[in-house]
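Colleague: kindly return the folded structure for what I paste below:
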Amino acid sequence: MYVASVPNRNSPPAILLRESYREAGKVKSRTVANISHLRPAQIEAIRGALSGAVSPTGLPLPDSFRVDRSRPHGHVAAVLGSLRKLQLDSIVDSQPSRQRDLVVAMIAARILHPASKLATARGLHSDTLNSSLGELLALESADETELYPAMDWLLARQEQIEKELAKRQLQDGAIVLYDLTSTYFEGRHCPLGKLGHSRDDKSGKLQIVFGLLTSASGCPVAVEVFAGNTADPNTVATQVNKLRLRFGLRKVVLVGDRGMITSARIRQDLPASHGIEWISALRATQIQKLARGGQLQMSLFDKTDLVEIAHPDFPGERLVACFNPLLAEERARKRPDLLAATEKQLEKIAAATKRPKRPLRGRQNIGLRAGKILNRYKMGKHFQLRIEEDSFHYERKAANIEREQSLDGIYVIRTSVKAEDLSSRQAVASYKSLSGVERAFRSLKTVDLHVRPIHHRLPDRVRAHILLCMLAYYVEWHMRQSLAPMLFDDHDKPQAQAARTSIVAPARRSDAARRKAATRETDEGLKVHSFQTLLRDLATIVKNRIRPKDEKIPAFDMLTTPTRLQQQAFDLLGVTLRLN
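Modeller: As a prediction, this is how the structure comes out:
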C-alpha cells in the first residue's frame with residue numbers, strides 16, 4: 001500500500017491511498033481511499049508509516065495503529081451488488097426511500113444469514129452489526145419496529161413487482177412452471193395456518209401452502225400464499241387469472257404436476273378460449289385404464305422409449321407415453337421392501353388385538369393405527385383390511401400389485417399443445433423441467449434461505465415474509481447462473497443436452513461438471529464451492545476501521561485484499577467490492 005499523487009488539471013492533485021495486487025500474472029493497482037482532504041503533515045505521516053519509517057509517535061509500526069472494528073464485507077458486496085445489477089431495488093420501487101432500503105436489507109439478509117426479523121435488525125444496527133450491510137444502506141439505527149411496517153409496504157407493491165418480473169422473464173408463448181409446497185408453523189395463532197397434507201411429514205402442525213410461478217428455466221416470477229388446507233387443484237384458477245389479467249399474456253403454456261392440473265381443472269379453469277395451454281401427466285389409475293383398454297402396451301416400447309397414443313376419454317389432447325427402464329428397475333426394487341415393511345407394522349397391530357393384557361380394542365382405535373402405517377409407507381392401495389371391534393386382519397391385493405408391476409417405468413404426459421407447436425420430446429422435457437421449481441423449494445425451505453420457522457401471526461406479514469424469500473431466491477438464482485463455473489452446479493448445460501440420447505432417460509451432467517465434481521477443482525485449478533461455502537469464503541473479506549495512535553491522523557477504512565478465488569467470484573458476478 002502506498003500514497004499516490006495524481007495530477008488534476010487546474011485543481012490541486014488528488015492524494016490517493018492505493019494498493020497493488022496481482023491478477024493473471026500482471027501487477028495492477030486500485031484506490032483504497034481518497035485522502036486529499038487531510039493536512040499535508042497527516043499525509044506525510046501516512047506515507048512514512050506505509051514506507052516502513054518510524055511512526056510519528058515513536059512507537060514500533062505495529063503499535064502505531066489499532067483496529068477499532070472489523071465488518072465482514074465481501075459476501076455483502078457480492079449479494080448487494082448483484083441485487084442492484086439486477087435492478088431489483090428499482091423493481092421494488094423506482095424512488096429511493098428508507099422503506100425500500102429496509103426491504104432491500106431484508107432480501108439481502110435472507111441470503112446472507114436467514115434469521116428472524118429481530119435478528120436481522122440486530123445485524124444491521126451499528127451496536128450489534130454482523131456485516132457491513134447496515135452501513136452500506138445507511139440503516140445502522142434500524143430496529144425491528146421499522147422492519148414490520150416495511151414488510152406491509154412491500155406487500156402492497158407485490159402485484160406491481162411481480163408484473164415487472166413477468167415482463168422481464170416471460171413473453172407470449174412462453175412455458176411457465178407452477179408448483180406448490182407447504183411449510184409449517186410452530187405456533188397456532190395465524191388464521192392462515194390450517195391442518196392439511198404436509199409435505200414435511202409434520203401432519204400434526206398447522207401449515208400454509210404457497211405456490212410458485214417460474215420461467216421455463218426456473219427463475220421465480222410470482223408467489224402466492226394459501227391457507228394450509230387448500231387442495232392443489234383449487235389454486236390453478238388464480239394462477240390462470242394472474243397470467244392472463246395481471247401479466248397480460250395472451251398465450252402461454254402452463255406446466256403443472258398430475259395432482260394439480262386434473263381433468264376437472266382442465267374443464268373448468270383451462271378452456272381453450274383463455275389462451276392458456278397446459279402440460280401435465282396422467283395419474284396411475286388413468287394409466288391402468290389405458291392398459292386395460294389395450295391402448296397402452298409394453299410392446300409399444302420395443303424400439304422406442306416414447307410414443308404418442310390417443311384415447312376417447314381425453315378428446316383434443318395429446319398423450320405421450322414414456323418408458324424409463326431405470327425407473328422400472330427402481331420401483332421393482334423398492335416395492336417388495338415397502339410391502340414387507342408395511343406388513344411388519346400391520347402384524348404388530350394384529351398382535352396387539354390378541355395380547356392377553358390390555359388388548360387393542362375398538363374399530364376407531366385400530367383404524368387410526370392402521371391408517372398411520374399405510375400413510376407412512378404409501379402402500380394402502382395394495383392391502384385389504386378387515387377391522388372389527390376386537391380383531392384386525394389384512395392381506396395383500398395380489399391383482400393390484402401385479403397390475404402395477406406390469407406398468408413399472410411407464411408414465412404418460414398429457415398436453416393441449418398442438419404437435420406443430422411442441423414436439424413429443426419437447427412436451428416431455430417441459431414436464432420434467434418442473435424439477436426447477438422443486439430446486440427452488442429446496443433452496444427456500446432447507447438449503448439456503450430457510451423460510452422456516454415462521455414467526456409472524458398476521459396473515460399479511462406471513463405473505464410478506466414469503467414474498468421476501470421469493471425475491472431473495474430471485475437474486476440467488478441469478479447469482480448461481482453467473483457463479484456456476486466455480487460452484488458444483490453444472491456450468492455447461494448445452495453440452496449435457498447435446499449429449500443426451502433420450503429425453504426420457506435420466507438427465508446427465510456435462511463432462512465439465514463431472515470433471516469438476518471428481519477433482520473438486522475448477523478448470524483454473526481453484527477449489528470448487530457450494531453457494532453457501534462461497535459466501536462464507538467471501539465473508540472473510542472485511543472492512544477494517546484503522547485508527548492511528550497519532551490523534552492528528554484521522555481513522556480510515558481498509559479492505560482485505562481478495563484472494564484469487566474471491567476475485568474470480570466478483571469478476572463472474574460483474575460487481576465490485578466498493579459499492580458506495
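Colleague: contacts only, for Cys219.
Modeller: Gln169, Tyr474, Trp477, His478 (Cβ atoms under 8 Å, 6 or more residues apart in numbering). From N, CA and C alone the C-beta is placed, and that goes for glycine too.
Colleague: may I ask which of these has the most neighbours?
Modeller: Tyr474 (23 neighbours; other Cβ atoms under 10 Å).
Colleague: so that one touches Leu88, yeah?
Modeller: Yes - contact criterion Cβ atoms under 8 Å: Tyr474 and Leu88 qualify, at 6.8 Å.
Colleague: Asp127: which of the contacts of Cys219 is nearest?
Modeller: For the contacts of Cys219, the closest approach to Asp127 (Cβ to Cβ) belongs to Tyr474, at 31.3 Å.
Colleague: where does that closest one sit: helix, strand or coil?
Modeller: Assigned with DSSP: H, G, I helix; E, B strand; the rest coil, Tyr474 falls in the helix class.
Colleague: any idea how far it lies from Val575?
Modeller: 16 Å (Cβ to Cβ, to the nearest Å).
Colleague: and if you look at Val209?
Modeller: 36 Å.
Colleague: can you tell me the helix or strand for Ile546?
Modeller: strand 542-548 (DSSP states H and E).
Colleague: who's in contact with that strand?
Modeller: Contacts of strand 542-548 (Cβ under 8 Å, 6+ apart): 45, 49, 55, 64-74, 132, 135, 554-560.
Colleague: hmm, 7 Å instead?
Modeller: By Cβ atoms under 7 Å, 6 or more residues apart in numbering, the residues outside strand 542-548 that reach it are 64-73, 132, 555-560.
Colleague: that strand pairs with which strands?
Modeller: strand 65-72 (antiparallel), strand 556-559 (antiparallel) (DSSP bridges).
Colleague: render the CA-only coordinates of the helix or strand following the shortest one in CSV, please.
Modeller: Spelled out, that is strand 556-559. Where DSSP H and E defines the elements, the next helix or strand beyond strand 556-559 is helix 564-573. In CSV, the C-alpha atoms belonging to helix 564-573 read as follows (Å, rounded to 0.1, in the frame of the first residue of the first chain):
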residue,chain,number,x,y,z
ARG,A,564,-7.5,-15.1,-6.5
LEU,A,565,-10.7,-17.2,-5.9
GLN,A,566,-12.5,-14.4,-4.3
GLN,A,567,-11.6,-12.0,-7.1
GLN,A,568,-12.9,-14.5,-9.7
ALA,A,569,-16.2,-14.6,-7.9
PHE,A,570,-16.5,-10.8,-8.2
ASP,A,571,-15.4,-10.9,-11.8
LEU,A,572,-18.1,-13.5,-12.7
LEU,A,573,-20.8,-11.6,-10.9
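Colleague: show me which residues of helix 564-573 are buried.
Modeller: Leu565, Gln566, Gln567, Gln568, Ala569, Phe570, Leu572, Leu573 (16 or more other Cβ atoms under 10 Å).
Colleague: helix, strand or coil: sort out Val417 for me.
Modeller: Val417 ends up coil, using three-state DSSP.
Colleague: cool, Arg578 as well?
Modeller: At Arg578 the chain is in coil, as set by three-state DSSP.
Colleague: ok, it to Leu80 distance?
Modeller: According to Cβ to Cβ, Arg578 and Leu80 sit 12 Å apart.
Colleague: the more surrounded of those two?
Modeller: Leu80 (25 against 15).
Colleague: was I right about that one contacting Leu579?
Modeller: Yes - counting by Cβ atoms under 7 Å, Leu80 touches Leu579, with 6.0 Å between them.
Colleague: end-to-end on stretch 376-390?
Modeller: End-to-end span of stretch 376-390 (Cα to Cα, to the nearest Å): 24 Å.
Colleague: list the buried residues in it.
Modeller: By 16+ other Cβ under 10 Å, the buried positions in stretch 376-390 come out as Tyr377, Met379, His382, Phe383, Leu385, Ile387.
Colleague: do stretch 136-146 as well
Modeller: In terms of neighbour count (16+ other Cβ under 10 Å), stretch 136-146 has its buried residues at Leu136, Leu137, Leu139, Ala142, Glu146.
Colleague: between the residues you listed, which is nearest Pro494?
Modeller: When these are compared for distance to Pro494 (Cβ to Cβ), Leu136 wins out at 36.6 Å.
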